[in-house]
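1. Structure of the sequence below:
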Amino acid sequence: MDPRYDIRLSKDYINANNDIEWFASDIQHMEDIITSTPGSYKENPSMGVGIKNFLNSSGAEDDVARKVMLELKSDMYQCNNPIVSYDQSGLLTIDPNVTT
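-> A predicted model of the protein is given here:
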């Protein structure tokens, strides 16, 4: 799959010539899908993992991994084995393990 590109909307980048930045946005798309909750996008109301709902739940690694995999696959990413883990301090880490 070819990388997706977007225009970055950042006040820090716009310079005196009013240039805009064209950037590969796959990472941003994946972050948006994982952090958004279902109902966040009017054009696709079922999209979103809603990771905030899983932050204080231990033992939900398999549920989070399955939800991440399904949502990324629905957005045409090849995500077969996401890695979800909690460390000692409760920090949630998600590696979507996406291949392009």
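2. Check which residues of the top helix by length along the chain are buried.
-> Secondary structure of the chain read by DSSP state H shows that its longest helix is helix 61-74. For helix 61-74, a neighbour-count test (16 or more other C-beta atoms under 10 Å) marks 61, 64-65, 67-69, 71-72 as buried. Backbone N, C-alpha and C define where each C-beta goes, glycine included.
3. before we move on, what about stretch 74-84?
-> Buried, per 16+ other C-beta under 10 Å, within stretch 74-84: 77, 79, 82, 84.
4. Give me the contacts around that stretch.
-> 1, 26, 29-30, 33, 47, 61-62, 64-65, 68-69, 72-73, 92-100 (C-beta atoms under 8 Å, 6 or more residues apart in numbering).
5. And the helices in this protein?
-> Listed in chain order, the helices of the chain (DSSP H) span 26-35, 61-74.
6. now the longest one, how far from the chain's geometric center?
-> With C-alpha atoms, centre = their mean, to the nearest Å as the basis, helix 61-74 stands 11 Å off its chain's centre.
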